[in-house]
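Participant: coordinates for the following, if possible.
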Amino acid sequence: MLTKTIQGMGASEGIAVGPVFRYEVHRLVVDRRQVDDVKHEATRLDAALAQARQELQRLSAQAQADIGADEAAIFEAHAMFLDDPELLERVHTTIETLQMNAEYAWQEGTEHYIAALRAIGDEYLSARAADVEDVAQRVQRILQGGGTQSITLTEPVVIVANDLTPSDTVTLEKTKVLAFCTATGGPTSHVAILAKALGIPAVVGLGEEANQLATTAQVIVDGTSGEVLIGPDEATIAGYRQRAGSLSQKRQGALKSTGQPAVTLDGVRVEVVANIGSPADAIEALQYGAEGIGLLRTEFLFLERETGPDEDEQTAVYRAIFQIMGRRPVVVRTLDIGGDKPASYLSTISEMNPFLGVRGARLSLTHTDVFQAQLRALLRAGAGHNLKIMFPMIATLEEVYAVQEQVEQARAMLEASGMDYAQKVEIGIMVEVPSAALMADVLAKTVDFFSIGTNDLAQYTLAADRTNAGVSKLADALHPSVLRLIRVVIEAAHAQGKWVGLCGELAGNPLATPVLLGLGLDEFSMTPKAIPVVKQTIRHFSASEVRNIAEHALALSSATEVRAYLESVAL
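Facilitator: Just a heads-up that it's a prediction; the model follows:
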């Protein structure tokens, strides 16, 4: 039998070989019944919510012990959802006004909530819809008197599922999980986040082809390339085991020298920094050798809460991160959410195509009170530190002028109030839509730096939603069209004496390191754990060598050809 390869998205690097264990989750069936005693139903619901909170507290404690504080926060967010006032009001209204049973009322309310999140079109919020579904099923199980679903693994296996909830992932016995493979999900799904934290290879977005992975079939999972090999022969297995051993040695060696700068063989130094989303992430970034922060996601302060953070709360959190980083550069991205209902306290309209709607800076410019509070908080917290502010989803020069005007207003207000604030702050923009890349020569005259977001740039350039398993494989940042836009941006910025960073997934992929180096990228920003290997990779090439690699890659005609070529020149 010939080995068959199916392609998904690499979500957590590493190689695993082993038998498949098909993980099936049975969705609970809910009956719709009218009831006479609505008070009894409301009491049943409240009791189920209380029990769910207790279970989530135990899961949070388990996650903190096994993985870390950031991953434990997933379950804290789940518990917050159980207290969402809009949801609870809707559910109780269904019980009391329509006289419906608690099970049906809970299902109707949570399905409405989940549909609203998925309609937004934002990758992060779509992933959060899976969280809500996880919590909803937990409460439903309690209402129906069911026990906790648990799976006993008798041997090390590759877990294959349509999707895996955080609860599923955390409760599985880690010593017997070789890898995760899911039909759905993307690089920001929790199975991806948790797999990376656990150091377990993972491939997501396999689509219907995941059904071809039969139980007990021997497979090879490559969490870097996103490939899953079905029924490999012994020679193929031996080859991948050797690769896995080499990868492990490479990681260990890279970790030992991660505190050293990333300098090419001919003396060109490149800045390697981290993408983070909390103070705890900042500490981890330093542990892995980050020379600064290339992307501080501020959304963690705004999402999954009833009211937005005020200026003082934001200032305190930002200041904590800046203090951890000292004088190292910290690039902060302003609020990057958008769509139908990104946060209950932000009034927005429903959109037919949220990916092309009021997102990022566009949303901030329609809620200038929220925008001003964030900008003032950043300027206050950045006093005495190396603060750089960048704005997401910029498509036109007019938008650049609009956000710059907002910065000046924030400065003027702080000046008038006599508050201490950062006087010298670089202002940059995210380049994640083709118009910004193609107008980079004009935009570079008005900003201090660019940061390329290849996740969005790839999906907008190739018209492929990276959260849609049917087309997500098209949204490949190694496609020559995307690489050519990256070249346009870097050349335009350098012509004006400005620097360029890249904070998309591509920056943390060592396969892409030589081509990005060859295009002249100044700053690589990535998840902290990817830093050691990328630094090590940079040290193994010369500037002249990578220029030739980049030139050759951009002359190819497909992402498949580019990937194959880069694998041929990889370390």
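
Participant: and the helices in the stretch 301-450 of the chain, which stretches?
Facilitator: Along the stretch 301-450 of the chain, the stretches classed as helices by DSSP state H, counting those that start in this stretch are 311-325, 361-366, 368-381, 397-417, 434-438, 440-443.

Participant: okay, those helices in TSV with mean neighbour count and distance to residue 180 next?
Facilitator: Any C-beta I mention is one placed from the backbone N, CA and C, and that applies to glycine too. Converted to TSV, the helices of the stretch 301-450 of the chain look like this (neighbours: other C-beta atoms under 10 Å; distance: least, C-beta to C-beta, whole Å):
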stretch	mean neighbour count	distance to residue 180
helix 311-325	18	30
helix 361-366	21	33
helix 368-381	21	36
helix 397-417	15	39
helix 434-438	19	33
helix 440-443	20	38
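
Participant: select from these the stretch with the lowest mean pLDDT.
Facilitator: Mean pLDDT is lowest for helix 361-366 among the helices of the stretch 301-450 of the chain, at a mean of 93.

Participant: domain-wise, how is the protein divided?
Facilitator: Split into domains by automatic domain parsing, the chain comes to 4-25+150-234, 38-143, 298-426, 432-571.

Participant: remind me which residues of the stretch 251-400 of the chain are low pLDDT?
Facilitator: 304, 338-344, 347-352 (pLDDT under 70).

Participant: how about a cut-off of 50?
Facilitator: Applying pLDDT under 50 to the stretch 251-400 of the chain flags residues 339-341.

Participant: what about the strands in it?
Facilitator: For the stretch 251-400 of the chain, strands defined by DSSP state E, counting those that start in this stretch occupy the ranges 262-263, 269-276, 293-297, 329-333, 386-391.

Participant: now residue 282: closest residue in space that isn't a chain neighbour?
Facilitator: Excluding the flanking residues, the one nearest residue 282 by C-beta to C-beta, 6 or more residues apart in numbering is residue 324, at 4.4 Å.

Participant: doesn't residue 279 make contact with the one you found?
Facilitator: Yes - between residue 324 and residue 279 there is a contact at 6.3 Å, judged by C-beta atoms under 8 Å.

Participant: would you mark the buried spots in the helix or strand containing residue 96?
Facilitator: Per DSSP states H and E: residue 96 is located in helix 85-98. By neighbour count on 16 or more other C-beta atoms under 10 Å, the buried set for helix 85-98 is 87-88, 90-92, 94-95.

Participant: stretch 378-394 too?
Facilitator: Neighbour-count burial for stretch 378-394, with 16+ other C-beta under 10 Å as criterion, is recorded at 378-382, 385-394.

Participant: now do stretch 48-55
Facilitator: For stretch 48-55, by 16+ other C-beta under 10 Å, it's 48-49, 52, 55.

Participant: ok, now stretch 421-429?
Facilitator: Buried residues in stretch 421-429, counted by 16+ other C-beta under 10 Å: 421-422, 425-429.

Participant: which helix is the longest one in this structure?
Facilitator: Determined from DSSP state H, the single longest helix within the chain is helix 38-66.

Participant: what's the angle from that one to helix 85-98?
Facilitator: Relative orientation of helix 38-66 versus helix 85-98 (axes from the mean of the first three to the mean of the last three C-alpha atoms, to 10 degrees): 150 degrees.

Participant: check which helices and strands helix 38-66 sits against.
Facilitator: Contacts defined by 3 or more C-beta pairs under 8 Å, 6 or more residues apart in numbering; DSSP states H and E place helix 38-66 against helix 69-81, helix 85-98, helix 102-119, helix 123-143, helix 166-171.

Participant: between the fourth one and strand 293-297, how many degrees?
Facilitator: For helix 123-143 and strand 293-297, the angle between their directions (the same axes, to 10 degrees) works out to 50 degrees.

Participant: circling back: pull the distance from the helix holding residue 96 to the chain's centre.
Facilitator: In terms of C-alpha atoms, centre = their mean, to the nearest Å, the centre of helix 85-98 is set 33 Å apart from its chain centre.

Participant: next one: phi and psi at residue 181?
Facilitator: Reported as degrees, to the nearest 10, the phi and psi values for residue 181 are phi -130, psi 130.

Participant: so it bridges to which residues?
Facilitator: Taking DSSP bridges, one obtains residue 160, residue 203 as the residues bridged to residue 181.

Participant: against residue 483, how distant is it?
Facilitator: For residue 181, the distance to residue 483 (C-beta to C-beta, to the nearest Å) stands at 28 Å.

Participant: the more surrounded of the two?
Facilitator: Comparing residue 181 with residue 483 by neighbour count (other C-beta atoms under 10 Å), the higher total belongs to residue 181, at 28 against 24.

Participant: these two touch, right, that one and residue 163?
Facilitator: No - Residue 181 lies out of contact with residue 163 (C-beta under 8 Å); the separation is 10.9 Å.

Participant: so who does residue 495 touch?
Facilitator: For residue 495, the contacting residues are 441, 444, by C-beta atoms under 8 Å, 6 or more residues apart in numbering.

Participant: could you redo the last one with a cut-off of 7 Å?
Facilitator: residue 441 (C-beta atoms under 7 Å, 6 or more residues apart in numbering).

Participant: stretch 561-571: how far from the chain's middle?
Facilitator: The answer for stretch 561-571 is 25 Å, by C-alpha atoms, centre = their mean.

Participant: pull out the buried residues from that stretch.
Facilitator: 562-563, 565-566, 569.

Participant: before we move on, the earlier item: which residues are contacting the helix holding residue 96?
Facilitator: 38, 41-42, 45, 100, 102, 105-106, 108-109, 112-113, 306, 344.

Participant: repeat for stretch 300-313
Facilitator: So stretch 300-313 is contacted by 77, 80, 85, 277-278, 314, 317, 335, 337, 343-345, 370, 373, 376-377 (C-beta under 7 Å, 6+ apart).

Participant: could you pull up phi and psi at residue 512?
Facilitator: According to degrees, to the nearest 10, residue 512 has phi -90, psi -10.

Participant: okay, now the spatially closest residue to it that is not a sequence neighbour: neighbour count?
Facilitator: Closest residue to residue 512 apart from its sequence neighbours, by C-beta to C-beta, 6+ apart: residue 506 at 4.9 Å. Using other C-beta under 10 Å, residue 506 has 27 other residues around it.

Participant: is it true that residue 506 touches residue 479?
Facilitator: No - when contacts are counted by C-beta atoms under 7 Å, residue 506 is not listed as touching residue 479 (10.8 Å).
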